[in-house]
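got a predicted structure here, sequence first:
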Amino acid sequence: QLVESGGGLVQAGGSLRLSCAASGITFSDYAMAWFRQAPGKEREFVAAINWSGRSTNYADSVKGRFTSSRDNAKNTMYLQMNSLKPDDTAVYYCAARSRILGTSEKPTGYPYWGQGTQVTVSS
């Protein structure tokens, strides 16, 4: 089970930190990712992190502003979001897949998903 938290309402230029807590799995066996979906739009890739946390990749739209990390001892992944923009408004989801497969930017590549947490950035 994956459970996101940390979403909320923030002004443009502000920061939020999302968490994704995993249970019922061996967390270090999984590569993880963040996706987001705004109303009327398709789910899009935000960031991914490999099983150890030593390798990350980001969508161009968030590069330099968002940082993904994980703590395998706490079974938790994080997304630090800085310099938020109104275009970042969306429901944010975490996703997991076997570490053997590595990370992917395609949502169809992930079989396990959280329920999502709303992030709203006001202008």
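Received the coordinates, thanks.

the residue most central in space within the chain: which element?
Centroid-nearest residue in the chain: Trp34, 2.4 Å away (criterion: C-alpha atoms, centre = their mean). When elements are assigned from DSSP states H and E, Trp34 belongs to strand 30-37.

which parts of that strand are buried?
Of all the residues in strand 30-37, those buried under the rule 16 or more other C-beta atoms under 10 Å are Tyr30, Ala31, Met32, Ala33, Trp34, Phe35, Arg36. Where you see a C-beta, it was placed from the backbone N, CA and C, and this is true even at glycine.

from memory the first one sits against Leu101, does it?
No: shown here, Tyr30 and Leu101 do not form a contact pair, counting by C-beta atoms under 8 Å, at 9.6 Å.

torsion angles phi and psi at Asp87?
phi -70, psi -10 (degrees, to the nearest 10).

please apply the same query to Phe27.
phi -50, psi -40.

how about Ser68?
Dihedral angles (degrees, to the nearest 10) for Ser68: phi -100, psi 140.

Gln11 versus the spatially closest residue to it that is not a sequence neighbour, what's the distance?
Excluding its sequence neighbours, the residue lying closest to Ser68 (C-beta to C-beta, 6 or more residues apart in numbering) is Ala47, at 4.1 Å. For Ala47, the distance to Gln11 equals 22 Å [C-beta to C-beta, to the nearest Å].

the more surrounded of those two?
Ala47 (26 against 10; other C-beta atoms under 10 Å).

and the pLDDT at the more buried one?
pLDDT for Ala47: 98.
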